[in-house]
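In: Return a 3D structure for these sequence lines:
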Amino acid sequence: MTLEEDLQRTLREEAAKPAIRPDLLDRVRVGVRRDKRRRTAMLGAAALLTAAVAVPVVLVGRSPSGPARIPAPPSSAIASPPTPSPSVTLPSTVVWEKPRLAMPAFPLTPGWLPAGLGPRRVDQLGRNVLLMYEDGRGDVLSVEVGPVPGDWEVEGEGDHRSTVGSASATVRTTSSYDGARPGDRYVGVRWKLADGQWAQVLSFGPRTESQVLRFARGLHRQTLPASPAPFRIAEVPHGLTLGQVSGQFLCLVPPPVTRDTMQQGLCVHVEAAPAEKPSGVSVTVAGRPATFTGDSQLQIDLGQKRVLIVESDRSAVGLTADELVHFASGIEVAGP
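Out: Predicted structure coming up:
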């Protein structure tokens, strides 16, 4: 048996196994919605699908009109083109286009802010938009607005009623949640805006219920500008649109965009580099060492103990290995 035949057999065996890592969008939602406490827990629990044989492969350039080619093993030995989602047309030769990805603005502005908040970001989670204050140490205050009710994220000690302006609101509280420090408390407030949209405030940290309600009641109609895009992307497959975005995550999905936690797509995110080098098929992406840790997932070494993960859910976006490399070659991480 040749090395290529052994690699092909190994990848097929791995592809046939049930996925042991969490749902892709669930991990993206962690990056969009959770503080460092919950991101660290998810990353520690995530397991990557790996191939048992590592074969050094170097890309032979990139054509402006087509994807980069991997000379050996052939792309057919890595991934067969899957059946595309019926909601988007992806022909056998993918049509690429310049991205038109408008970052979301937020429709409300706080009239009062409690002290000690972290930096502000405006994120997108499906059809909803999210205003997030996060200090990176487990202290989070967020507001989610959209046509779909937000996720409470925590089981409360008992919901009760209150008001936000003239609207009736549900309040959920608990002093016990994963990652809570001494003195921390969870407070959630959910109500409907005058235009029928849902609004929800979540607080993880030292803030009291009265402070969270004061923050919620101070929100008023004034647009906050969008946050900078976390990545600059040269080309995207035709028919995809922005589905989720945060400080270190971005997902392109087939339309229509939903708030469904099962909606999948073509996702990019930055993570801390694993302690051990992953096994898989070695390639070079835009001059950087990278590894195919599965037939639809690339892990690219950014240096400074960071990696760029680029992955395509095959049930939603059918990309070959060559096409995934082509997409990844046009990604630039914004900021430090």
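In: in this structure, which helix or strand is least confident?
Out: Within the chain, no helix or strand scores below helix 75-78, which has a mean of 30 by mean pLDDT, DSSP states H and E.
In: From the contact counts, what lies against the helix or strand following that helix?
Out: The C-terminal neighbour of helix 75-78 among helices and strands, as given by DSSP states H and E, is strand 96-97. Based on contacts counted as 3 or more C-beta pairs under 8 Å, 6 or more residues apart in numbering; DSSP states H and E, the elements that strand 96-97 packs against are strand 236-237. To be clear about C-beta, it is placed using only N, CA and C from the backbone, and glycine gets the same treatment.
In: Mind listing the strands the strand it packs on pairs with, and their directions?
Out: In the sheet containing strand 236-237, the strands it pairs with under DSSP bridges are strand 96-97 (antiparallel).
In: Give the rounded mean pLDDT of the partner strand.
Out: The average of the pLDDT scores along strand 96-97 is 94.
In: Equivalent analysis for stretch 144-159, please.
Out: Confidence for stretch 144-159, expressed as mean pLDDT, is 93.
In: How far off centre is it?
Out: When distances are taken as C-alpha atoms, centre = their mean, to the nearest Å, stretch 144-159 is centred 19 Å away from the chain's centroid.
In: Check stretch 175-187 too.
Out: Distance, stretch centre to chain centre, for stretch 175-187: 25 Å (C-alpha atoms, centre = their mean).
In: ok, now stretch 225-238?
Out: Computed by C-alpha atoms, centre = their mean, the separation of stretch 225-238 from the middle of its chain amounts to 13 Å.
In: ok, and what's touching it?
Out: In this structure, residues lying in contact with stretch 225-238 by C-beta atoms under 8 Å, 6 or more residues apart in numbering are 89-90, 94-99, 101-105, 120-123, 245-250, 252, 266, 268, 270, 317, 319, 323, 326-327, 329-335.
In: give me that answer again for 7 Å
Out: Stretch 225-238 is touched from outside by 90, 94-99, 101, 103-105, 121-122, 245, 247-248, 250, 252, 268, 317, 327, 330-334, with contacts defined as C-beta atoms under 7 Å, 6 or more residues apart in numbering.
In: what about it, how long is it end to end?
Out: 27 Å (C-alpha to C-alpha, to the nearest Å).
In: what's the answer for stretch 220-237, then?
Out: Its start and end residues considered, stretch 220-237 measures 38 Å (C-alpha to C-alpha).
In: For that stretch, buried residues please.
Out: 224, 226, 227, 229, 230, 231, 233, 235, 236, 237 (16 or more other C-beta atoms under 10 Å).
In: Among the contacts of stretch 225-238, name the buried ones.
Out: With neighbours counted using 16+ other C-beta under 10 Å, the contacts of stretch 225-238 contain these buried positions: 90, 94, 96, 99, 101, 103-104, 121-122, 245, 247-248, 250, 252, 268, 317, 327, 330-331.
In: which element is residue 243 on?
Out: Residue 243 belongs to strand 241-245 when elements are defined using DSSP H and E.
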